[in-house]
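Colleague: how would this look folded up:
(2 chains)
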Amino acid sequence: MTAFLRFEIVRSLRNVRFVVFIAGFPVLLYLIYAKQTGTSQGLTVAAILMVSMAVWSGMGSAMFATGPQLAKERQSGWMRQLRVAPISAPRWFLAKLAQGLLLIIPGFVLLILLGFGYGHVHLAAGRVAVLAAVLLLGVIPFCVLGLVIGLVFDGQTAQVAQMLTMVVLAFLGGIFIPYSNLPHVMQDIARALPSYHLAQLGWNAVAGRALGVEHMLALAAWAVALGLIAVWRWRQESTTA
Amino acid sequence: MTTNHRGAAGPAVAFRDVVKVYHPDIKALDHVSFDIQPGETVALLGPNGAGKSTAIDTMLGLRTPTSGEVRILGGSAAAAVAAGQIGGMLQTGGLPEAARVAELISLFRQLYRDRRSTAELLTLAGIDDLADRRVERLSGGQTQRVRFALALAGNPELLFLDEPTAALDVAARRHFWQSVDRIAGQGTTVLFATHYLEEADANATRIIVVNHGRVIADGTPARIKAVTATRTLRFSTPAPDPSELLKLPGVSDVVVNGDAVTVRTGEADDTLPALYALGHRIAGLEVGGGGLEEALIALTSTDNGAIMERVS
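Modeller: Next up, the predicted model:
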């Protein structure tokens, strides 16, 4: 399994689209907007945005491990080749999950450095650690979401589906615009989305507030629900294919 | 050189009365039965759509048969895959982008626990010069050779190759079959699908011919070729005498329609001189046959089961 994990990580880091996605895009946004003055709920814009961009980067990295890449590899026949090699489906999935979690690290480190160096965010080491833990566990439903996209869509449409999902989740989750600025209807929708709960956990971690059990439960529920869809699709494909 | 350690005796593949139905009216496999013994090199010969890939996918555990029994090395296909006992080169199989050839080979060697050295794999597949190449920069033939290396990584007891030479040029093809021969010599049981009679004849110790999801012949290449060597001679001659024509060497069948004559022969080289020696005027002679399609017609029209010799 570690051989497979290493193989997949090397491939991801060579992928230009992935590097732009996890690093280029959030860094650029941070450089543009972090200098705005103002505070909200005791956090500076620079601190809020550091968390927002880390969540965006983490969501993207987590979904990249599967998502369009999986769709393409199902189509090309690579997944079938793997299925006749001695790597079981559960081990494959664990490796994919580990890949998604490990790949959020570079984007996270970059944004923390940027937040500290450029945004003058002051944060105790303990809070950084809590934020890291929140992101690491909190992106699990997004890994599974990528799996569902990769299993449901084909090679061409998965890319579009992934981008749309990311953008919708980010906007409604309050990552690009503050949640409180959204119309009420959208706020109701937002409260159902995993991106909203992950961002809330992130901001709570940085502000030193209680993280909020309801957010954790919501993310866990998403992971389980998406996991069931993924298993169903996986079974469907391996029996009829 | 590596050698395989065989488990208990018994067929490497047992395919018993296997049916695979995709659509209510399409039977990809229609009550197919055969055993493959350890050490055999078997060709699954048939035209496109005959059911070859479905049969191989079923043996690899990629498809579940609608009914019938499939035993691989004495157990289920899934168990053989999990134990790393089988290697498979599928008909279609893209390689994952952004990987180098050497990385792919290293991955498969680790999945199969280092059963064959990298150097040996590169040589067997004929890709020594491609180790550092990125997958995206491989041609179709190069991709196919890399996939061959991956299928061999576990030094499998049983190797499945589904139309393995489709994208290879003549030189690569020759190298490929030399490597298969070497692997078979080390004790690996090989099953390959092809729609070329010559390829099956030159590289297999046994040929199973399938068409429309059924086994229509199963025997040594010599037996299969004897039947498929049937040629059809068409000509016209004034007032043909069927009984005279039937006595010509090799002739199995004569059809007369006015002046037009159709003769089927297994020994065209002997029939033709004898035909001319009769001294009749022969006009418009055509010799048909030789292709797989013709061979299939010949095989199908032979009494069913005539070439079902068991290879034990």
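Colleague: In terms of helices and strands, where is the spatially most central residue of chain A?
Modeller: Taking Cα atoms, centre = their mean, the centroid of chain A lies closest to A:Met59, which sits 1.3 Å from it. Secondary-structure element containing A:Met59, defined by DSSP states H and E: helix A:45-64.
Colleague: thinking again about what came up before, show me the contacts for the residue nearest to the centre of chain A.
Modeller: By Cβ atoms under 8 Å, 6 or more residues apart in numbering or on different chains, the contact list for A:Met59 reads A:139, A:142, A:166, A:169-170, A:195, A:198. Any C-beta I mention is one placed from the backbone N, CA and C, and that applies to glycine too.
Colleague: let's see 6 Å
Modeller: Residues near A:Met59 by Cβ atoms under 6 Å, 6 or more residues apart in numbering or on different chains: A:Phe142.
Colleague: how close does it sit to chain B?
Modeller: If you measure A:Met59 against chain B using Cβ to the nearest Cβ, to the nearest Å, the figure is 21 Å.
Colleague: Helix, strand, or coil at the spatially closest residue to A:Leu169 that is not a sequence neighbour?
Modeller: Excluding the flanking residues, the one nearest A:Leu169 by Cβ to Cβ, 6 or more residues apart in numbering or on different chains is A:Ser195, at 3.9 Å. When classified by DSSP: H, G, I helix; E, B strand; the rest coil, A:Ser195 comes out as helix.
Colleague: Please, where are all the helices along chain A?
Modeller: Applying DSSP state H to chain A gives helices spanning A:2-14, A:16-19, A:25-33, A:45-64, A:67-76, A:78-83, A:89-102, A:104-117, A:125-138, A:140-152, A:155-172, A:184-190, A:194-207, A:213-240.
Colleague: Any part of the fifth one near chain B?
Modeller: Yes. Among the residues of helix A:67-76, A:73, A:76 lie within reach of chain B under Cβ under 6 Å from any Cβ of the partner chain.
Colleague: Enumerate every residue touching the residue in the stretch 1-150 of chain B that chain A sits nearest to.
Modeller: Per Cβ to the nearest Cβ, the residue of the stretch 1-150 of chain B with the smallest distance to chain A is B:Gly94, at 2.7 Å. B:Gly94 is in contact with A:76-78, counting by Cβ under 6 Å, 6+ apart.
Colleague: low-scoring pLDDT stretches of chain A, where are they?
Modeller: Scanning chain A with the threshold set as pLDDT under 70 gives A:239-241.
Colleague: Nearest residue to the closest residue to chain B within it in space, please, no chain neighbours.
Modeller: As assessed by Cβ to the nearest Cβ, chain B sits closest to A:Ser76 within chain A, at 2.7 Å. Nearest residue to A:Ser76 in three dimensions, chain neighbours excluded: B:Gly94, at 2.7 Å (Cβ to Cβ, 6+ apart).
Colleague: Check for me that that neighbour belongs to a strand.
Modeller: No. Looking at B:Gly94 with three-state DSSP, it is coil, so not inside a strand.
Colleague: roughly how far apart are B:Lys52 and A:Gln81?
Modeller: 18 Å (Cβ to Cβ, to the nearest Å).
Colleague: Kindly report the same for A:Ala220.
Modeller: Here the criterion is Cβ to Cβ. By it, A:Ala220 lies 34 Å from A:Gln81.
Colleague: Looking only at neighbour counts, state which of the two leads.
Modeller: More crowded of A:Ala220 and A:Gln81, by other Cβ atoms under 10 Å in any protein chain shown: A:Gln81, with 22 against 16.
Colleague: Bridged to B:Asp218, which residues?
Modeller: In this entry, B:Asp218 is beta-bridged to B:Ile208, B:Met308, by DSSP bridges.
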